[in-house]
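S.K.: coordinates for the following, if possible.
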Amino acid sequence: MLRKLLVIEAAALAEKLDLPSLEFRSMQSVFPAVTCTVQASFRTASVPAAHGMIANGLYHRALHRCMFWEQSADLVSGARIWEGFRRRGGRVGVLFWQQSLGERADIVLSPAPIHRHHGGMIQDCYARPQGLCRRICDKLGRKFKLRQYWGPLASAKVGDWIADATAAVMREEELAPELLLTYLPTLDYDFQRGGPKHHKSRKAVDRLTRQLGLLLEAADGNGYEVMVFGDYAIRETTSGDAGVLPNRALLGAGLMKARGVKEMLYPDFHTSRAFAMVDHEVAHVYVRDPADIEDTRAVLKKTPGVAEVLDRSAQAKLDLDHPNSGELVIVPEEGRWFAYPWWTEKREAPDYAGHVDIHNKPGFDPCELFFGWPPPSVSRDTARIRGSHGRVGAGREVVWAATFDLPEQPGSIVELASAVRDRLNET
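M.R.: Residues are numbered from 1 along each chain as shown. Here you go, the predicted structure:
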């Protein structure tokens, strides 16, 4: 039985790092290989067809609304890998994992800003027990900065803060849980901005290596074993503009609908026959009437940059066939990714297009990693994105390592999670 275990998810970790106490091995991620899907799969040791987090966002059919980065733990179905461990008295902490609010855990720390009605934002974290965030900030002598976590100012600095906060939790004897899960987004930003080979991305790898070294030292000093795993492999996009625009094609075909508001075009999900909820290298296409599926498929197959159109049968073979999934799922050509815009004229762009707005956009928008003009607006230029992820298979493996042995080498993240659950349940 593992007396204490620290699990570190390192975003975009797909290469073997040089750390003396860790031997990295390769494995497959889950499809789609995006943050929320992978984290849900690890927590439940199950596939998206079972736990329901089919992307970083969900489309609520009854509300006719896309919801990205919602944080309720109940969005993830299934038993957690730590449930038996916790029933026997083990304490669990979850730091900076998505869908962790309301999680059945003893410690939770997650970004939860307060948006002021008159504008501006209070940068804060949701914490259980209450006061934990302030307590950690006092110990570290600096606050958590949400703008370093996402947006044009996002940087490896936020990984430094999370690593230090994780170490601080482990060092508090009365607070430290026996199982602690944390997340380091250090590689994510520059890998998407410049691609994994960019010199800034290589500096981010060095930064992550130092953060892991700090956590390994803190873990060793406080009786923790350590497991590190990557969630997805970011690959270079093709030269030029690699962004594929399925919603523009669907709008042009009359399948997606939009309404004009002061010359801007906002999506009308109430009357749209089909639209695409995009997320990196995958998009779920929701088709309201089954009679429109074939027409929608035909439009998507003719859309430049679309490589695969997956119906429910094909989704089932990829363990993605869940009621939350689109009637169709599309995958782009290698080196391409999906962008959410549907408009053709700059003046038609909705107000939120030029802002960091992770909740209202019906898709993940990596352009938010760049400033637009004038600042503090964000870029709308999809050609600036040089790295993306979501695909799995040969050449898209991620890596994992642990300071302890497993009886069998896991071939996937789900198998890795199952192995951790089994170790936690050993008596």
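S.K.: which parts of the stretch 51-200 of the chain are helices?
M.R.: Taking DSSP state H, counting those that start in this stretch as the criterion, the stretch 51-200 of the chain contains helices spanning 83-87, 132-140, 157-171, 188-194, 199-221.
S.K.: give me the contacts around the third one.
M.R.: Looking back up the chat, that one is helix 157-171. By CB atoms under 8 Å, 6 or more residues apart in numbering, the surrounding residues in contact with helix 157-171 are 6, 8, 93, 95-96, 107, 109, 136, 139-140, 142, 144-145, 148-149, 175-177, 180, 182-186, 207-208, 211-212, 214-215, 218-219, 221-222, 224. Where C-beta positions appear, they are placed from N, C-alpha and C, glycine not excepted.
S.K.: can you check the first one too?
M.R.: Defining contact as CB under 8 Å, 6+ apart, one finds that helix 83-87 is touched by 92, 104, 105, 106, 178, 179, 421, 424, 425.
S.K.: let's go with 10 Å and repeat that
M.R.: 1-2, 5, 44, 80, 90-92, 104-106, 177-179, 420-421, 423-427 (CB atoms under 10 Å, 6 or more residues apart in numbering).
S.K.: if we can go back for a sec, so which of the helices of the stretch 51-200 of the chain is the most packed in?
M.R.: Most buried of the helices of the stretch 51-200 of the chain by mean neighbour count (mean count of other CB atoms under 10 Å) is helix 188-194; its value is a mean of 25.
S.K.: how deep is residue 252 tucked in, by neighbour count?
M.R.: Counted with other CB atoms under 10 Å, the neighbours of residue 252 add up to 14.
S.K.: my bad, residue 238
M.R.: Neighbour tally, residue 238, other CB under 10 Å: 13.
S.K.: what of residue 154?
M.R.: Other residues near residue 154 come to 22 when the count uses other CB under 10 Å.
S.K.: what helices or strands is the worst-scoring helix or strand of the chain on mean pLDDT leaning on?
M.R.: Least confident helix or strand, the chain: strand 121-122 with a mean of 78, by mean pLDDT, DSSP states H and E. Here strand 121-122 touches strand 114-115, going by 3 or more CB pairs under 10 Å, 6 or more residues apart in numbering; DSSP states H and E.
S.K.: off-centre distance for the strand it packs on?
M.R.: 22 Å (CA atoms, centre = their mean, to the nearest Å).
S.K.: from here on, count from 806
M.R.: With 806 as the first residue, the last one maps to strand 919-920.
S.K.: sheet-wise, list the partners of it with their directions.
M.R.: If you go by DSSP bridges, strand 919-920 pairs up with strand 926-927 (antiparallel).
S.K.: give me the contacts around the partner strand.
M.R.: The contact list for strand 926-927 (CB under 10 Å, 6+ apart) reads 917, 918, 919, 920, 921, 951, 952, 1161.
S.K.: among those, the buried ones, what's the PyMOL command?
M.R.: Listed next is the PyMOL selection for buried residues among the contacts of strand 926-927, using 16 or more other CB atoms under 10 Å:
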select buried, resi 951+952+1161
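S.K.: redo the contacts of strand 926-927 as CSV? Include distance to residue 1092 and pLDDT.
M.R.: Below are the contacts of strand 926-927 laid out as CSV (distance: CB to CB, whole Å; pLDDT from 0 to 100):
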residue, distance to residue 1092, pLDDT
917, 34, 90
918, 35, 85
919, 37, 84
920, 33, 77
921, 39, 82
951, 36, 94
952, 38, 94
1161, 30, 95
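S.K.: go through the helices of the stretch 856-1005 of the chain and name the closest to residue 830.
M.R.: Closest approach to residue 830 among those is made by helix 1004-1026 (15.6 Å; CB to CB).
S.K.: tell me which helix or strand comes right after the closest one.
M.R.: strand 1030-1035 (DSSP states H and E).
S.K.: next one: the following helix or strand past that following strand to chain centre, how far?
M.R.: Beyond strand 1030-1035 on the C-terminal side, the first helix or strand identified by DSSP H and E is strand 1040-1041. Here strand 1040-1041 is found 17 Å from its chain centre; the criterion is CA atoms, centre = their mean.
S.K.: cool, and stretch 885-892?
M.R.: Worked out by CA atoms, centre = their mean, stretch 885-892 lies 24 Å from the chain centre.
S.K.: for stretch 819-836, which positions count as buried?
M.R.: 819, 822, 827, 829, 830, 832, 833, 834, 835, 836.
S.K.: and of those, the nearest to residue 1219?
M.R.: Comparing the buried residues of stretch 819-836 against residue 1219 with CB to CB places residue 835 closest, at 6.5 Å.
S.K.: ok, back up a step: any of the contacts of helix 888-892 buried? List them.
M.R.: By neighbour count, with 16+ other CB under 10 Å, the contacts of helix 888-892 hold 807, 810, 849, 885, 895-897, 910-911, 982-984, 1225-1226, 1228-1229 as buried.
S.K.: okay, and which of the residues you listed map to strands?
M.R.: Judged by DSSP state E, the subset of these located in strands is 810, 897, 984.
S.K.: in a markdown table, list those along with pLDDT.
M.R.: As requested, these are exported to a markdown table (pLDDT from 0 to 100):
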| residue | pLDDT |
| --- | --- |
| 810 | 98 |
| 897 | 98 |
| 984 | 98 |
